[in-house]
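Enquirer: Please work out how this folds:
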Amino acid sequence: YCLDQDYAAARNWYEKAAQAGDGEAMLALGNIYARGYGVTPNLDMTLKWLRLAEDNGQITGRVYAFLYLDGVLVSQSIGRAYSFFLQAAEAGDPAAQYTVSMEYFRGQHLEKNPALALKWLTRSAENGYGPAYRVLGGIYAHGSYGIARDNAKAGKWLALAKQQNKATALDVARMYLEGQGVSRDIDKAIEYYNELADEYVAEAHLKLGLIYSYGPPLTPDYELAEEHFQMAEVLGSVEAAYHLGLLRLNGQGMRADRAAAKSMFTLAADNGYVFANYYLGLLAYNGPGGARDRVRAHKLFGAATKTADPDLAAQAYEAENAVAIELGLLQPAPGLPAARVDRWPVAI
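Expert: Residues are numbered from 1 along each chain as shown. So this is what the prediction gives:
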């Protein structure tokens with residue numbers, strides 16, 4: 001994460017820890033030799049470290065499962081692989097419980113069974129496995145797989161998910177999106193964001209919505225943008241509510257709807273997205289049928305100036321001054337261009 005990847009150095013430190021009696025390090029070494037991380041896969045070394053790990057209280061079934069799933073050191077057997085995954089899940093391995101739950105949801109190698117899937121996913125989450133928090137919260141939020149929606153449970157698990165460290169994966173996606181430290185690769189960024197979006201990460205849905213909204217180098221896809229913004233908003237992103245408001249205000253991908261836009265901007269502003277007040281101010285200033293409320297617009301523009309973005313704050317400040325001049329609260333500065341507020345010639 002903060003160092004260059006170096007399998008040899010990692011193995012060296014695991015070996016030091018294992019020699020000091022650390023069971024987790026023994027398990028890690030078994031996995032290294034099973035999957036060939038920086039070494040030639042070696043069954044004898046795999047078994048040596050896994051047996052030592054077992055003697056030190058570790059659950060090793062998941063590593064045996066991957067042996068049979070990969071089919072490198074032993075003959076591939078999907079059946080035996082999932083037998084070991086199930087054993088590890090029963091023994092309390094939260095990662096194995098998560099793997100089993102996903103398989104019961106998908107029904108690719110085990111018979112599809114949403115009830116069993118929910119059981120194992122819940123156990124995985126209860127055992128502290130971060131990805132299970134996000135998926136379980138998302139399932140309860142949306143009623144996926146025929147499971148009844150439950151806002152209380154959704155809120156509980158999504159709140160725990162927020163506490164997990166998602167920064168690394170999001171940072172990698174952002175690096176590809178912005179070309180920071182790597183060559184810019186929008187497709188790779190979307191791939192990373194989609195993986196996180198599948199696990200109900202609000203920030204990933206928000207970023208995908210922005211990518212599909214603002215286009216370059218992609219052609220804008222407002223339908224996909226709206227879909228991701230809506231998911232992000234349900235998962236708690238107030239910024240997503242703001243961008244949904246913009247889509248509805250501008251009629252991007254749908255018919256313009258001022259009332260729906262106002263609802264989204266209000267939701268965003270009420271939950272701390274300060275610049276949403278700017279568009280609420282524009283809505284008040286450009287009221288339908290000439291029903292303009294300049295006093296309210298002035299107040300809302302003033303609230304929008306509190307945004308942390310200096311460029312947006314300047315935009316809101318100009319609008320606030322323009323309305324203040326119209327209301328006689330401020331005298332125009334002689335010799336300077338008059339402040340102005342955007343006016344919409346066509347009522348929405």
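
Enquirer: From now on I want contacts and neighbour counts done on CA atoms only, so please keep to that.
Expert: Will do.

Enquirer: in the stretch 151-300 of the chain, which ranges drop under the pLDDT threshold?
Expert: Applying pLDDT under 70 to the stretch 151-300 of the chain flags residues 159, 162-168, 181-182, 216, 289-291.

Enquirer: can you pull out the helices in it?
Expert: Secondary structure of the stretch 151-300 of the chain (DSSP state H, counting those that start in this stretch): helices located at 151-163, 167-178, 186-197, 202-214, 222-234, 238-250, 258-270, 276-285, 294-304.

Enquirer: Can you add distance to Gly38 and mean neighbour count and give those back as a markdown table?
Expert: Output for the helices of the stretch 151-300 of the chain, formatted as a markdown table (distance: least, C-alpha to C-alpha, whole Å; neighbours: other C-alpha atoms under 10 Å):
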| stretch | distance to Gly38 | mean neighbour count |
| --- | --- | --- |
| helix 151-163 | 32 | 17 |
| helix 167-178 | 22 | 17 |
| helix 186-197 | 24 | 19 |
| helix 202-214 | 31 | 24 |
| helix 222-234 | 38 | 22 |
| helix 238-250 | 42 | 24 |
| helix 258-270 | 48 | 21 |
| helix 276-285 | 51 | 25 |
| helix 294-304 | 54 | 22 |
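
Enquirer: Turn the ones you listed into a markdown table, columns for distance to Glu320.
Expert: Formatted as a markdown table, the helices of the stretch 151-300 of the chain follow (distance: least, C-alpha to C-alpha, whole Å):
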| stretch | distance to Glu320 |
| --- | --- |
| helix 151-163 | 36 |
| helix 167-178 | 33 |
| helix 186-197 | 38 |
| helix 202-214 | 27 |
| helix 222-234 | 29 |
| helix 238-250 | 20 |
| helix 258-270 | 17 |
| helix 276-285 | 9 |
| helix 294-304 | 5 |
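
Enquirer: So which of those is nearest Ala95?
Expert: Evaluated over the helices of the stretch 151-300 of the chain, closeness to Ala95 peaks at helix 151-163, with 15.3 Å, by C-alpha to C-alpha.

Enquirer: how many degrees apart are the closest one and helix 202-214 in direction?
Expert: Here helix 151-163 runs at an angle of 90 degrees relative to helix 202-214 (axes from the mean of the first three to the mean of the last three C-alpha atoms, to 10 degrees).
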